[in-house]
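Asker: following is a predicted model, sequence given first.
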Amino acid sequence: MGEVCKMTYTVNTGLLIQCGKTKILLDSIFGAGGHRFSSPSQTLWQQIKQGEGIFSQVQYLLFSHDHADHFSAEMTLEYFQMQKVKGIFLPEDAGGKWFLDAIVQRNIPCLQFPRCHPQYRTYLLSQDVRLKAYAMRHQGEAYRDVAHMCFLLTMQGEKFLFTADVDFVHEDFSLFSNMNFTAVFVNPLFFHSKEGQCILREQLRTKEVVVYHLPFEADDLLHMRRMAQRDALQWKDTAIRLLLEPMQTWIWE
C-alpha cells in the first residue's frame, strides 16, 4: 500500500506537502513587509519556525522566486537557527550572496536554479517523491527579469504542478502536454484569464485545478475570492479547489 499524500495550505502560494515521512515546505517563509498580499500570522510563523505539530521535521524548502510575498532570506536564516533540513531549492537570484554564504556556513545543501535553462533533471527527494523545476517567466512586464520557477512534484506516481506567478500569456506550456496531472496549482489571475483557461483545458488537462494565492478575506481589496468563486462555476468536468483559509488540509490516496 502506498503512502498518503497530504497538503496543508499556509498562505499565498505556500504549502506544506507531505508524502509518508517526506515533508516539503513551499513558499511559506516570509513576512508582512514589502507586499500587499496576505502574510503568515505570527502564530503560524512561530509554528513553522519552531517545528510545531505538522511542521516538525520538514526536510526540504522550496521557493519559486524572490518576491516578498513568497520568500524572505532573513526569516529563512531565522528558521535555520532552530531547524535543520536536508536541502533548499531556489532560483539563482534569491537572497543574494550574503544569504548563500550563510547557508554554506550552516552546511545546508542548497541548489540554485539558473534562469538560462528551461528545465532541470529530476531530483529524488525520497523513494516515492521526485522534484523537477522549470524556469518560466514571471507574469507581468515589470517582473520579466525575475528568476521564477514552476515545480513538478511526482509523489506515488501522481503528478502535481505548482505554477506560482508564471506568465500564462507568453510562456509555452506545451512541454506539459500529456503528463496526466493529478492537480495543477494556479493563481486567480491565471484561473480567470482566457489564456489561462485555454492552457488548463487544452494543454495541462488535469484532474483537479487548485487555485491558490487568493487573499484572505480581510486582505481581499480587489474581491479576488469572489472572482475565483464565479470562475469555478464555469468548470463542469474538472474538479476545482479554492484555497481560501490558512491550514486547509486535504489528502490524496
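Answerer: Received it, and whenever you're ready, just let me know what you need. Numbers count the residues shown, from 1 in each chain.
Asker: flag the shaky bits of the stretch 51-200 of the chain, pLDDT-wise.
Answerer: For the stretch 51-200 of the chain, no stretch has pLDDT under 70.
Asker: show me where the chain has its helices.
Answerer: Ranges of helices in the chain, per DSSP state H, are 42-50, 73-80, 97-105, 188-192, 194-199, 224-232.
Asker: looking at those helices, which is buried most?
Answerer: Comparing these by mean neighbour count (mean count of other Cβ atoms under 10 Å), helix 188-192 ranks first with a mean of 21. The C-beta positions use only the backbone N, C-alpha and C, and glycine is treated the same way.
Asker: that helix: how far from the chain's middle?
Answerer: Relative to its parent chain, helix 188-192 has a centroid offset of 15 Å by Cα atoms, centre = their mean, to the nearest Å.
Asker: pull the CA atoms of that helix into CSV?
Answerer: Coordinates of the C-alpha atoms in helix 188-192 are reproduced here as CSV (Å, rounded to 0.1, in the frame of the first residue of the first chain):
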residue,chain,number,x,y,z
PRO,A,188,-6.5,33.6,-9.5
LEU,A,189,-5.4,35.7,-12.5
PHE,A,190,-4.2,32.5,-14.3
PHE,A,191,-7.6,30.9,-13.5
HIS,A,192,-9.6,33.9,-14.6
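Asker: need the residues that contact it.
Answerer: 139, 163, 166, 168, 196-197, 199-200, 209, 211, 213-214, 224, 227-228, 231 (Cβ atoms under 8 Å, 6 or more residues apart in numbering).
Asker: mind running it again at 10 Å?
Answerer: Residues outside helix 188-192 that contact it (Cβ atoms under 10 Å, 6 or more residues apart in numbering): 139-140, 163-169, 184, 186, 195-197, 199-200, 209-215, 222, 224-225, 227-232, 234-235, 240, 242.
Asker: ok, back up a step: TSV please, covering the helices of the chain and showing distance to residue 64.
Answerer: Output for the helices of the chain, formatted as TSV (distance: least, Cβ to Cβ, whole Å):
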stretch	distance to residue 64
helix 42-50	17
helix 73-80	14
helix 97-105	16
helix 188-192	13
helix 194-199	17
helix 224-232	19
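Asker: how far away is the spatially closest residue to residue 47 that is not a sequence neighbour from residue 24?
Answerer: Closest residue in space to residue 47, ignoring its immediate chain neighbours: residue 55 at 5.4 Å, by Cβ to Cβ, 6 or more residues apart in numbering. Applying Cβ to Cβ, to the nearest Å, the value for residue 55 to residue 24 is 11 Å.
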